[in-house]
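Enquirer: the following block contains a protein sequence and its predicted model.
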Amino acid sequence: MEAGTFLQNVWFLLIGVLLAGYSVLDGFDLGIGVLLPFLAKTEDEKRSLLGAIGPVWDGNEVWLLAGGGALFAAFPPAYATVFSGFYLALMLVLFALILRAVSLEFRAHDPARKGLWEVVFVGSSLLPAFLFGVALGNVVAGVPLDTRGEYAGTVFTLLRPWPLAVGALGLCVFMLQGSAYAALKTDGAVRERARRAARILAGLVFAALFAAFFLVLVLYPYLFDRTPSWLVGNFVCLLCILFLVALKKGRDGLAFFLSSAIFAGLWGVIGAIHYPNLVRATDPALSLTVANASSSPLALKIMLVIALIGMPLVVGYTVFAYRVFKGKVRPGEGGY
Amino acid sequence: MDAVFLARLQFGLIAGFHFLFPPTTLGLTFIVVILETLHARTNNDAYKRLSAFLVKILGTVFVMGVATGISLEFAFGNNWAAYSRTVGDIFGAPLAAEAIFSFFLESVFLGILVFGRDRVKPKTYRLSAFLVFLGAHLSGLWIIIANSWMQTPAGFRMEGGRAVLDDFFAAAFNPSTLVRFVHTILGGWMTGALVVLAIAAWLTLRGRSADKAALLFKPALAVFAVAAVLQLGTGHAHSVQVTRTQPEKMAAFEALWRTENGAPFTVFGIPDEKNERTLLAVRIPKMLSFLVSFDPNSRVLGLDEFPKEERPPVLLPFASYHVMILLGLGFIAMGAWGLWLQARKKLVTSRGFLKLLIFAVPLPYLANELGWIAAEVGRQPWAVYRVLRTADAASSVVPAGNILFSIVLFTIIYALIGIVGLRIILKTVRGGPDGEAATAGKGAV
């Protein structure tokens, strides 16, 4: 398969970085959303958990928009194929993201329907946390494309075993990330529950990883010819063990760093398996790749300038904002 | 039903709903920056209270804007896959740049604005307010860059049916970008300023925190009145630009069926597209020619210059454009009246005017939407002017049923969040600047 030019490869990498950034950052607030009923029992506990994500979830979600925008700009045909092809699945993700965005605000200010908005928040965190992985699994395993590069499957094509396993793996990692952040930001009973959940989830991530691994072995042996993916995969397993050690020693900050590294490492595995494909087609000749589906060199260059100027600034003030809100959540803080 | 029609209907619905929020944010952030500056200058704690009060409202408006904005980024791929393939080389970059340069900035510092009052120094807080203001305006710039490129595309060549970028700055700062940017921003300032004026008027009429409400009038009225007058200038400049670069659009705005030397301005009329005439027309002779070139006898192109299949519809752009102008003139009058009352120190006692401020709140929203409708419908039948037809821009693999299904869900969800969001904003307003809801950053519950 044809490798890309320097700029095309850089953009494959950068989109991976943006999506990994999204997973690490919005990952913890999605995860906390899913875990909310398990981690928090009383109103005060819920408030402290929601207070931990209140000031930052919105900035976290921008990583997804930046990743999506970058995919659109750098590889328009891949963006067009996936978004029009996976129409109903992505509509579900979209409706969930819309409801999730408002549900936190509404829960805080619409006391008569607090319970309802809480259910909406949990559900609309769960759905994307699962469906992102399903979509990714499909793109990596291969979907039917026609000669114009348009999706030729149906919504049921998306629900194959391996993509579902990747969805389950993704959901577990999102929850792992959420539990690690919850442990870091809270005290008392919530922290204890978060630590217990993190231990269980680390095991689940391990199990889901192996399930995905064996399904690939059986169903898509052609995904196995990449040495780097093996190396990174083993590294991720090592990180899971280190995560458990850090957790046991009560090093919450280190544990959160490690769970972030696990998430980023999984993106490394996916990238190593997937390159140079953007959307793998069932017939490999029809795959959308960095070489055949990219924007013009000038557009990629302009985009790179934008990213090189913009992203260091973004990282800089994001770090600043996290430092402003660092430490355990103060009682009543966050307005939730 | 036809998939292209449904895709257009859906985009109109979700973009139109989304466009309620960003203009509010533009104006509100401006007033918040002014209040923070006044607080620093005067050390009067009332300004801080007022700023915190408006930030609370800003928080809700911003969240609604975020929630409804995601849909638009999805929509280009969902419903307009052919569009994305054809012009993604140029159109994608501004959307990505919007996220990287502005949306991050806005979101991250809004977090500090809403939740961090007690955690940062006053100076840092002021800077955060300014950065949210800056982010909101930069965001507007990138979106207007993207949309203006659809109106007056530049800086590209066609290659194998795809638009390919030739010159980034020519594409970004195409002939309509700057004037449309300023025009949109001023519309936002008026919207946000009138919202603040209406809140101040309501508090004053209710006698609630009246001393603090009184402090809101001056900055908000200044922003509103100045923006309204400036808008006349940008509106004029924009019309001149449209006449030059999209003459059939101006012909539709003015229902000018035939090219004329010394074309009239139609003050009122009902365009009859079938028979190419305007019923009940009230015209000012030579006025249109005068307005677009300051020469009453200049030649203005009519719709007859253009093949039928390349003409925009007339009725909707004509009506939207004219009502928008009428509203714009009304805003100037309102601003002038307010300034006159204020100069005579009668503003807070003029109950009639205060009530007008409250009932006028929907009008800038209406003007924003009408301007947008005129611009977008006036561009038809093109998605990208003379480059790509709307009919050729839609996704070919998405069945009409799927689009209809999503339209139904959008309608339900948007109606729901629209109602709840509005109620929350009204509740915050009722709490007033001294209410518990206003103590942002201190844990409001």
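Expert: Nice, I can see it.
Enquirer: next, count neighbours for residue A:57.
Expert: Neighbourhood size, residue A:57 [other Cβ atoms under 10 Å in any protein chain shown]: 22. The C-beta positions use only the backbone N, C-alpha and C, and glycine is treated the same way.
Enquirer: so it touches residue A:104, yeah?
Expert: Yes. Under the contact definition of Cβ atoms under 8 Å, residue A:57 touches residue A:104, with a separation of 7.2 Å.
Enquirer: which of the helices or strands spans residue 312?
Expert: You didn't say which chain, so I picked chain A. Using DSSP states H and E, residue A:312 sits within helix A:297-324.
Enquirer: report the buried residues of that helix.
Expert: Buried residues in helix A:297-324, counted by 16 or more other Cβ atoms under 10 Å in any protein chain shown: A:298-300, A:302-304, A:306-307, A:310-311, A:314, A:317-318, A:321, A:324.
Enquirer: from those residues, pick the one nearest chain B.
Expert: Minimum distance to chain B across those is 3.7 Å, recorded for residue A:310 (Cβ to the nearest Cβ).
Enquirer: give the contact list for that closest one.
Expert: If a contact means Cβ atoms under 8 Å, 6 or more residues apart in numbering or on different chains, then residue A:310 has B:97, B:100, B:101, B:104 as its contacts.
Enquirer: 6 Å - rerun?
Expert: Counting by Cβ atoms under 6 Å, 6 or more residues apart in numbering or on different chains, residue A:310 makes contact with B:100, B:101.
Enquirer: list phi and psi for the residue lying closest to residue A:311 once chain neighbours are set aside.
Expert: Using Cβ to Cβ, 6 or more residues apart in numbering or on different chains and skipping the chain neighbours, the partner closest in space to residue A:311 is residue B:100 (6.5 Å). Main-chain torsions, residue B:100, degrees, to the nearest 10: phi -70, psi -40.
Enquirer: got a pLDDT number for residue B:100?
Expert: pLDDT, residue B:100: 92.
Enquirer: that one: neighbour count?
Expert: 25.
Enquirer: before we move on, what about residue A:156?
Expert: Counted with other Cβ under 10 Å, residue A:156 comes out at 7.
Enquirer: give me the low-pLDDT residue ranges for the chain?
Expert: All of this refers to chain A. Scanning chain A for pLDDT under 70 picks out A:1-3, A:331-336.
Enquirer: that was the other one, I meant chain B.
Expert: Scanning chain B for pLDDT under 70 picks out B:1, B:436-445.
Enquirer: for chain B, what spans make up the strands?
Expert: Under the criterion DSSP state E, chain B contains strands at B:156-159, B:162-165, B:260-261, B:265-272, B:277-284, B:299-300, B:382-384, B:388-389.
Enquirer: is the closest residue to residue A:40 other than its chain neighbours within a helix or a strand, and which one?
Expert: Residue nearest to residue A:40 in three dimensions, not counting chain neighbours: residue A:46, with 4.3 Å by Cβ to Cβ, 6+ apart. In the assignment (DSSP H and E), residue A:46 maps to helix A:43-53.
Enquirer: which positions within that helix qualify as buried?
Expert: A:45, A:46, A:47, A:48, A:49, A:50, A:51, A:52, A:53.
Enquirer: need the longest helix for chain B.
Expert: helix B:210-245 (DSSP state H).
Enquirer: show me which positions of it end up buried.
Expert: B:212-213, B:215-217, B:219-228, B:230-231, B:234-235, B:238-243, B:245.
Enquirer: stretch B:154-161 too?
Expert: B:154, B:155, B:156.
Enquirer: tell me where the stretch 151-300 of chain A has strands.
Expert: Under the criterion DSSP state E, counting those that start in this stretch, the stretch 151-300 of chain A contains strands at A:277-279, A:288-289.
Enquirer: using TSV, lay out those strands together with distance to chain B and mean neighbour count.
Expert: TSV is the format used below for these (distance: least, Cβ to the nearest Cβ, whole Å; neighbours: other Cβ atoms under 10 Å in any protein chain shown):
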stretch	distance to chain B	mean neighbour count
strand A:277-279	12	24
strand A:288-289	11	24
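Enquirer: which stretch among the ones you listed comes nearest residue A:249?
Expert: For the strands of the stretch 151-300 of chain A, the distance to residue A:249 is smallest for strand A:277-279, at 40.8 Å, taking Cβ to Cβ.
Enquirer: show me what the closest one is packed against.
Expert: helix A:76-85, strand A:288-289 (3 or more Cβ pairs under 6 Å, 6 or more residues apart in numbering or on different chains; DSSP states H and E).
Enquirer: most tightly packed of these?
Expert: Among the helices and strands packed on strand A:277-279, the stretch with the highest mean neighbour count (mean count of other Cβ atoms under 10 Å in any protein chain shown) is helix A:76-85, at a mean of 28.
Enquirer: now do that one against helix A:297-324, angle only.
Expert: 70 degrees (axes from the mean of the first three to the mean of the last three Cα atoms, to 10 degrees).
Enquirer: the most far-flung residue of chain B relative to its centre and chain A: what is the separation?
Expert: If you look at how far each residue of chain B sits from its centre, by Cα atoms, centre = their mean, the farthest one is residue B:160, at 35.4 Å. Separation of residue B:160 from chain A (Cβ to the nearest Cβ, to the nearest Å): 11 Å.
Enquirer: quick one, helices of the stretch 1-150 of chain A?
Expert: Assigned by DSSP state H, counting those that start in this stretch, the helices in the stretch 1-150 of chain A fall at A:6-39, A:43-53, A:57-74, A:76-85, A:87-109, A:114-141.
Enquirer: still on that earlier bit, so which of the strands of chain B is the most packed in?
Expert: Highest mean neighbour count among those (mean count of other Cβ under 10 Å): strand B:382-384, a mean of 22.
Enquirer: is any part of that one close to chain A?
Expert: No. Applying Cβ under 6 Å from any Cβ of the partner chain, one finds strand B:382-384 separated from chain A by no less than 13.7 Å.
Enquirer: need the contact partners of that strand.
Expert: Contacts for strand B:382-384 (Cβ under 6 Å, 6+ apart): B:83, B:87, B:150, B:153, B:389, B:390, B:393.
Enquirer: list the contacts for the last one?
Expert: Applying Cβ under 6 Å, 6+ apart, we find residue B:393 in contact with B:80, B:82, B:83, B:383.
Enquirer: contacts only, for the second one.
Expert: For residue B:82, the contacting residues are residue B:393, taking Cβ under 6 Å, 6+ apart as the criterion.
Enquirer: and of the strands of chain B, who's closest to residue B:337?
Expert: Of these, nearest to residue B:337 by Cβ to Cβ is strand B:265-272, at 22.8 Å.
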